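*Asks:* coordinates only, sequence not included:
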């Protein structure tokens, strides 16, 4: 059983967010599966799992302090590619790819998207 049906982050520039996430999530095998006109877009593998939306209340999107959205990577190489694509697409490095000591075989990287949302990607496979 999955714990979540999906995760959503807000954006203040949907076109730039679409381009960013097409590049970055593509490194993990995810693709944009739906556009909600000018309200947002949805990415996933075969079902919706990650949404980027303009805030429904019309206020600017803001970043949650202490919030991180973490994606599972199929390999350590995908972690490296996700991080490189994030930075190349204008995101901010928040933690270079490498081992994370809190779990066996944890290998991760962190970045911020163009709106400042903190992203992580983890692989738990042995090197």
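*Replies:* Cool, got the structure. Note that this is a predicted model, so its numbers are computed, not measured.
*Asks:* now the strands for the chain?
*Replies:* 7-10, 31-35, 40-44, 48-53, 68-72, 92-99, 107-112, 118-123 (DSSP state E).
*Asks:* and those as CSV, adding mean neighbour count, mean pLDDT and distance to residue 86?
*Replies:* Glycine gets a C-beta too; all of them are placed from N, C-alpha and C. Below are these laid out as CSV (neighbours: other CB atoms under 10 Å; pLDDT from 0 to 100; distance: least, CB to CB, whole Å):
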stretch, mean neighbour count, mean pLDDT, distance to residue 86
strand 7-10, 17, 96, 14
strand 31-35, 13, 97, 16
strand 40-44, 20, 98, 14
strand 48-53, 18, 97, 14
strand 68-72, 15, 96, 11
strand 92-99, 14, 98, 8
strand 107-112, 22, 98, 4
strand 118-123, 21, 97, 7
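*Asks:* mind checking which of these is nearest residue 60?
*Replies:* strand 7-10 (8.2 Å; CB to CB).
*Asks:* Run me through the strand neighbours of the closest one, direction for each.
*Replies:* Strand 7-10 pairs in its sheet with strand 48-53 (parallel), by DSSP bridges.
*Asks:* circling back to that earlier point, nearest to residue 17, of the strands of the chain?
*Replies:* strand 48-53 (4.8 Å).
*Asks:* What about residue 102, how many residues nearby?
*Replies:* Residues contacting residue 102 under the criterion other CB atoms under 10 Å number 7.
*Asks:* distance of the closest residue to residue 122 other than its chain neighbours from residue 53?
*Replies:* Nearest non-adjacent residue to residue 122, counting by CB to CB, 6 or more residues apart in numbering: residue 108, 4.6 Å away. From residue 108 over to residue 53 the distance is 26 Å, taken as CB to CB, to the nearest Å.
*Asks:* and residue 66, how far is that from residue 18?
*Replies:* For residue 66, the distance to residue 18 - CB to CB - is 26 Å.
*Asks:* In terms of neighbours, single out the busier of those two.
*Replies:* Between residue 66 and residue 18, counting by other CB under 10 Å, residue 18 is the more crowded of the two (17 against 6).
*Asks:* Can you name the residues that contact that one?
*Replies:* The neighbours of residue 18, taking CB atoms under 8 Å, 6 or more residues apart in numbering as the test, are 32, 35, 41, 52.
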